[in-house]
Structure formats: C-alpha cells, structure tokens
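Chemist: sequence below, structure please.
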Amino acid sequence: MPIPTEPIGSIPRPPELIAAVRDFQVGRLAADKLEALYADALRDTIRLFEETGSPVITDGEQTKPSFATYPVHGLPNLAPDGITVPFADGHTRQLPRLVAGPFYYHTHASTFLEAARKYTTRPLKQAVISASFLSILYPNAGIKGYTRAQFLGDLIREAVEDIRCCVDGEACKVQIDFTEARLSIKLDPSGGLLRQFIDLNNQVLSRFTPEERRRIGIHTCPGGDQDATHSADVDYAQLMPDLFKLNAGNFYIALAGEKDRPRVLGLVRDHARPGQTIFVGVTDPINPRIETPEEVRDRTLEAARFISPERLGTTDDCGFSPFGDDTSTSRDTAFAKIRSRVAGTELAAKALGV
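Modeler: Numbers count the residues shown, from 1 in each chain. Next up is the predicted model:
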C-alpha cells in the first residue's frame, strides 16, 4: 500500500478475560488459568488483526494492565495514591506514587513483542509509554535518600532499554505514547511543563541513531478512556510548535475526533520538520459509529492537501482500550473500524495515484 497505515495499539480485551483478571485479583482464579486466557486472547487478537488486511499489526495490548503503567505494575516501592487524572465524563484514573528508590521497570515492552511473535509473521509494532509520563510518579515532596535527579537518571536508562529491546527485537515501529502532551498544557498553560516533558523524551531519543529514530514514533491524543477524553479542550495550536521538536521520525496525530480538521492539518504543515512522517487519525475509537471506507478515503485526501503524500500515513486516533478494564468499545467495533481504515487508505492511494 503506497500510503502506510498503522494501528495505535490496544484492542478491547474479551469479556471473559476482563472477568478472569478481576477473579485473579481477589484470589478466585489461579495464575496458570489466567495465563492460559491471556494466551487465548493474544492468539485470537492477532488472528482477527490479520483478517483486517492491516499491513502492520500489534498484540492489542491484551496482557498489559494499562498502556501507561505496564512497566511498574507489581513494583514493591509504589503507593496507590498518586496523581488523579479527571476525564470529561466525570470518571478518573489514579496513578501510583513512587515511595522509595531506586526506580526500575518491572516489565519491559519487548516481552509483549516476543509473545506476539509466536503467533504471526506479519510486521509487528510495539507501543511503549513515554519517560515523561512515568516522571509524574515521582512526588513533588521528594523522596528521602533518592533525589529527583537520581530518579530521572534511572528513568532515562530504563526508558532507553524499553525502546532498545523492541528495536533490537525487530519491531517494525516503536511508538512512544505521549498522551500527557495536551494534558500538560491543561496543567501548565505557559507550556513550561510541556517543554520539560519534550526535553526529557529527547534525552531518551538521543541514545538512538538517526536510522533507528526513523523507526520510532510519537503518538499524541486527547487521552481516550471509557468513551471520554481528558484534554480534548486543549487547542492543538498550543502543542504543535513544540511537539515536532521531538527527534522522532514518525508522528501519530489524533485527528478524526477534532471539530476543525483542516485547521489542525494546517498547524501540522506549518510545524512538522522535513523527514518526519505524519500519520493522521482517520477513525475515532471513542465514537461507536463505524466509519465507512469512503469516509476514511475522504479524510486521507483532505490531509493530503496539507501533507505531501510521500510523508503521509493513516492511523486510528487512539488505542481502542488503553486500560485493561475498559468495556466501552466491543472487539467487533474495533476491528470493523480497522478494516475501514485499511480499505479507505487504499482508496485514497488510488485516488492520489501513488
């Protein structure tokens, strides 16, 4: 397909898996039974992904507790009372809080890549969480005997290793989820926090060669969960000038859910740097209506008015179920949207003659 198309990451887990995780957490299910259900869900997700015709697939994040906290899930030096992120519909997600050093990853993303590789020969993409998001786990009050500078050094080392293992593990792309980008502007309208986040992420990216960075991408969205967002009210105009300072080769921009797509595309045109490939969102995971291939085609052609076709790709606005307990979207809906994205992108490529 001349215009590349890629998913973001997560696919809704089967209802029986979600129920099994709850049973395991309260001691009603043995670990081996849960592992068997994880394997079944992974195998089925990859099969269904392949059936969509998607040239690039993921593991659907079936075994991640969430896209954000998978590296620290199970760490003994965390408390549950970290920062709370509010969503537009009133629900919240609370992050853990680091209570002692050193900081390290309990799980690296390459383990998910290795598990998925058992079931497919298709190009596999792997999503990882940004260092900037995990930096939020360090409390403002500090930690006795473990300075913020020590924490950031450990965090950068671990974030580099998380990406490095995926690059070396032959992931076709490694996508850094930067969901906190727009949220940071909500927390600090001056943009100072955003620039701190970008500097931190660039310290991670600097450990990779230019050739490797062509396989690394940045995903930004307004934060989707349970059919709601945490920062859709933040104007992309406040983000774009700094976003493209990230030294990555690919950018995945949530766009289908935006009210004024041409305006956002104009911002992308004005601020993206040469050599950066732009994947525009053409399906909206938090909208239950399934886009038609023709709608996807038209959104792609709209983007091509602002971004040259050789730098253009398509994607979904966000993962379909970034948190493991999210039941707001069905697996059938997610895969139907992916099929439309793949078919519509091909229609757009034909219309553009590329």
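Chemist: the lowest-mean-pLDDT helix or strand in the chain pairs with which strands, parallel or anti?
Modeler: The weakest-scoring helix or strand in the chain, judged by mean pLDDT, DSSP states H and E, is strand 224-225 (a mean of 91). Paired neighbours of strand 224-225 in the sheet (DSSP bridges): strand 228-229 (antiparallel).
Chemist: just give me the residue right at the centre of this protein.
Modeler: Residue closest to the mean C-alpha point of the chain, counted by C-alpha atoms, centre = their mean, is residue 177 at 3.9 Å.
Chemist: hmm, back to that, give me the residues contacting the least confident helix or strand of the chain.
Modeler: With contact meaning C-beta atoms under 8 Å, 6 or more residues apart in numbering, strand 224-225 is reached by 87, 91, 93, 285-286, 317-319, 322-323, 326. Where you see a C-beta, it was placed from the backbone N, CA and C, and this is true even at glycine.
Chemist: quick one, helices of this structure?
Modeler: 15-25, 31-51, 110-117, 131-135, 148-168, 180-187, 192-205, 210-213, 240-243, 261-271, 293-304, 331-352 (DSSP state H).
Chemist: what's the angle between the third one and helix 31-51?
Modeler: Meaning helix 110-117. Orientation check (axes from the mean of the first three to the mean of the last three C-alpha atoms, to 10 degrees): helix 110-117 against helix 31-51 gives 60 degrees.
Chemist: tell me the contacts of residue 280?
Modeler: Going by C-beta under 8 Å, 6+ apart, residue 280 touches 253, 255, 265, 268, 299-300, 303, 307, 312-315.
Chemist: closest one of these to residue 209?
Modeler: Comparing the contacts of residue 280 against residue 209 with C-beta to C-beta places residue 313 closest, at 21.9 Å.
Chemist: just list whatever residues bridge to that closest one.
Modeler: Beta-bridge partners, per DSSP bridges, of residue 313: residue 279.
Chemist: quick check: it touching residue 279?
Modeler: Yes. Applying C-beta atoms under 8 Å, one finds residue 313 in contact with residue 279, separated by 3.9 Å.
Chemist: now do the same contact list for residue 266.
Modeler: residue 306.
Chemist: check residue 24 too.
Modeler: Residue 24 neighbours (C-beta under 8 Å, 6+ apart): 30-31, 33-34.
Chemist: just the buried ones from those?
Modeler: residue 34 (16 or more other C-beta atoms under 10 Å).
Chemist: let me have the contacts of residue 24 in CSV, extended by pLDDT.
Modeler: Formatted as CSV, these follow (pLDDT from 0 to 100):
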residue, pLDDT
30, 97
31, 96
33, 96
34, 96
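Chemist: make CSV from the contacts of residue 24 and add distance to residue 204 to it.
Modeler: Output for the contacts of residue 24, formatted as CSV (distance: C-beta to C-beta, whole Å):
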residue, distance to residue 204
30, 38
31, 33
33, 37
34, 32
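Chemist: and of the contacts of residue 24, the nearest to residue 211?
Modeler: In terms of C-beta to C-beta, no member of the contacts of residue 24 lies closer to residue 211 than residue 34, at 39.6 Å.
Chemist: burial count for residue 204?
Modeler: Residue 204: 25 surrounding residues under other C-beta atoms under 10 Å.
Chemist: for it, give me the pLDDT.
Modeler: The confidence metric pLDDT takes the value 98 at residue 204.
Chemist: OK, contacts around residue 246?
Modeler: By C-beta under 8 Å, 6+ apart, the contact list for residue 246 reads 178, 198, 201-202, 205, 218.
Chemist: and it, how far from residue 311?
Modeler: Going from residue 246 to residue 311 by C-beta to C-beta, to the nearest Å gives 16 Å.
Chemist: was I right to think residue 132 contacts residue 203?
Modeler: No. Applying C-beta under 8 Å as the test, residue 132 and residue 203 come out as separate, 10.1 Å apart.
Chemist: looking at the two, which one has more neighbours?
Modeler: Between residue 132 and residue 203, counted using other C-beta under 10 Å, the more crowded position is residue 132 (25 against 16).
Chemist: contacts for stretch 140-150?
Modeler: Outside stretch 140-150, the residues that reach it (C-beta under 8 Å, 6+ apart) are 98-102, 138, 151.
Chemist: around residue 163, how many other residues sit close by?
Modeler: When neighbours are defined as other C-beta under 10 Å, residue 163 has 26 of them.
Chemist: doesn't residue 216 make contact with it?
Modeler: Yes. Residue 163 is within contact range of residue 216, at 6.7 Å (criterion: C-beta under 8 Å).
Chemist: between these two, which contacts overlap?
Modeler: With C-beta under 8 Å, 6+ apart, residue 163 and residue 216 have common neighbours 174, 176, 208.
Chemist: the last one: what's its closest spatial neighbour, skipping adjacent residues?
Modeler: Looking back up the chat, that one is residue 208. Computed as C-beta to C-beta, 6 or more residues apart in numbering, the closest residue to residue 208 that is not its neighbour in sequence is residue 216, at 6.6 Å.
Chemist: neighbours of the residue lying closest to residue 306 once chain neighbours are set aside, how many?
Modeler: Among residues not flanking residue 306 along the chain, residue 265 sits closest, at 4.0 Å (C-beta to C-beta, 6+ apart). Residue 265 has 22 neighbours, counted by other C-beta under 10 Å.
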